[in-house]
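K.L.:
could you work out the structure for the sequence below:
(one chain, ligands or ions: 1)
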Amino acid sequence: MYKNFDFKKSLGQNFLIDDNVTEVIANSIDYKDDNLVIEIGPGSGVLSKKLLKRADRVILYEIDTRLNKILEKELSSFDNYEIIWDDFLYRDVKNDLVKYKYTNLYIVANLPYYITTPIISKLVLEKIPASEIVIMIQKEVANRLSANVGSKEYGQITVLLDYYFDIEKVIDVDRKCFYPIPNVDSAVIKMTRKEKLEKLTSFEHFDKLVKDSFRFKRKTIKNNLIDRYDLSIIQNVLEKYGFSLNSRGEDIPYYVFVDLSNELLK
Ligand code: SAM
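P.N.:
Predicted coordinates:
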């Protein structure tokens with residue numbers, strides 16, 4: 001199928017060739033009635049076909065128009081999709097969604113790894129209302145995003161995402177499951193939006209507090225925050241949850257950071 005295709009490394013064009021992996025990814029979504037799926041980066045459509053079998057409708061965002069013929073051929077037996085030939089990162093997705101009627105939105109993405117963070121930030125900051133996001137990322141990053149509090153992978157990004165989502169790893173994906181073979185292993189994670197969010201006085205303040213708390217990874221909360229926050233307020237909140245000023249950022253669950261941020265702003 002790829003005989004004449006000139007794969008672009010710069011677009012992360014490593015296509016999945018393992019049927020079991022595409023099956024697991026497509027099955028990881030909990031399809032509810034009246035659904036719409038966004039697939040970012042369909043490539044040659046191997047995963048798209050599986051999504052199309054299960055979803056009511058799929059919107060595909062693909063940056064590389066050279067894939068036009070392959071995609072059209074691969075998806076010829078389906079009529080429940082649209083392809084938007086554009087860069088997802090700069091696309092006004094909320095505006096695209098206006099013309100669709102749906103109750104449940106899901107996003108699936110297998111993209112170049114250097115845009116993992118910008119994509120996740122876009123989905124969160126632009127408030128694209130997806131209830132589940134299933135995304136293929138570099139294995140080490142997957143471990144960090146799905147890390148449990150107290151583990152060494154738990155960091156600033158884990159806390160921020162934990163505020164919005166429940167995060168679980170779906171499957172580890174060996175580099176041999178792709179063509180051409182990339183030089184890293186991957187994993188798929190699923191982010192399920194929480195139905196109810198804790199009240200946060202200011203997301204910007206919470207974001208900054210979390211960043212500052214992880215400024216020097218090995219330092220305690222006290223040493224990371226001493227020069228810019230009221231430590232007596234921080235101590236009171238931490239003690240409420242059984243922590244102290246000598247705890248480290250990696251020991252503290254996101255909801256304690258939420259409480260800390262709200263108390264500091266009172
Ligand atoms: N989903 C297919 C699969 O699993 O085999 C292809 C995955 S391949 C890793 C990434 C795909 O994302 C490529 O087809 C690439 O052209 C596309 N892509 C890269 N950057 C993109 C962007 N900013 N917006 C939309 N598509 C992008």
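K.L.:
centre of the chain to stretch 153-168, how far?
P.N.:
Relative to its parent chain, stretch 153-168 has a centroid offset of 10 Å by CA atoms, centre = their mean, to the nearest Å.
K.L.:
so which residues of the stretch 1-150 of the chain form helices?
P.N.:
Per DSSP state H, counting those that start in this stretch, the stretch 1-150 of the chain carries helices over the ranges 19-27, 46-54, 68-74, 93-97, 116-125, 139-145.
K.L.:
which of these sits closest to residue 187?
P.N.:
Evaluated with CB to CB, the helices of the stretch 1-150 of the chain place helix 139-145 nearest to residue 187, the distance being 3.6 Å. C-betas here are computed from N, CA, C, even on glycine.
K.L.:
quick one: contacts of the closest one?
P.N.:
Helix 139-145 has contacts (CB atoms under 8 Å, 6 or more residues apart in numbering) with 113, 116, 137, 153-155, 157-158, 161, 167, 169, 172-173, 184-189.
K.L.:
export the helices of the stretch 1-150 of the chain as CSV, with columns for mean neighbour count and mean pLDDT.
P.N.:
Below are those laid out as CSV (neighbours: other CB atoms under 10 Å; pLDDT from 0 to 100):
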stretch, mean neighbour count, mean pLDDT
helix 19-27, 16, 98
helix 46-54, 20, 98
helix 68-74, 14, 95
helix 93-97, 14, 97
helix 116-125, 16, 87
helix 139-145, 19, 89
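K.L.:
so which of these is nearest the ligand?
P.N.:
Among the helices of the stretch 1-150 of the chain, the nearest to the ligand by CB to the nearest ligand atom is helix 46-54 (4.6 Å).
K.L.:
got the angle between the closest one and helix 19-27?
P.N.:
Helix 46-54 and helix 19-27 are oriented at 50 degrees to each other (axes from the mean of the first three to the mean of the last three CA atoms, to 10 degrees).
K.L.:
what does the stretch 101-250 of the chain put close to the ligand?
P.N.:
Contact residues, the stretch 101-250 of the chain versus the ligand (CB under 6 Å from any ligand atom): 110-112, 115.
K.L.:
show me those residues that map onto strands.
P.N.:
residue 110 (DSSP state E).
K.L.:
which one of the residues of the stretch 101-250 of the chain next to the ligand is nearest residue 260?
P.N.:
Closest to residue 260, out of all of these and judged by CB to CB, is residue 115, at 31.4 Å.
K.L.:
what is the burial count for that closest one?
P.N.:
19 (other CB atoms under 10 Å).
K.L.:
my guess is it meets residue 87, correct?
P.N.:
No. In this structure, residue 115 is not within contact of residue 87 by CB atoms under 8 Å, at 9.5 Å.
K.L.:
what sits opposite the residue of the stretch 151-266 of the chain found nearest the ligand in the beta ladder?
P.N.:
Residue nearest to the ligand within the stretch 151-266 of the chain: residue 178 (7.3 Å; CB to the nearest ligand atom). Assessed by DSSP bridges, residue 178 has beta-bridge partners residue 16.
K.L.:
for it, give me its contacts.
P.N.:
14-17, 186.
K.L.:
mind running it again at 7 Å?
P.N.:
14-17 (CB atoms under 7 Å, 6 or more residues apart in numbering).
K.L.:
low-confidence stretches in the chain?
P.N.:
1-3 (pLDDT under 70).
K.L.:
using the record's assignment, carve it into domains.
P.N.:
The record's domain parsing of the chain by automatic domain parsing lists 9-193, 203-264.
K.L.:
helix or strand for the residue lying farthest from the centre of the chain, which one?
P.N.:
Distance from the C-alpha centroid of the chain peaks at residue 232, with 35.3 Å (CA atoms, centre = their mean). Secondary structure from DSSP states H and E places residue 232 in helix 231-240.
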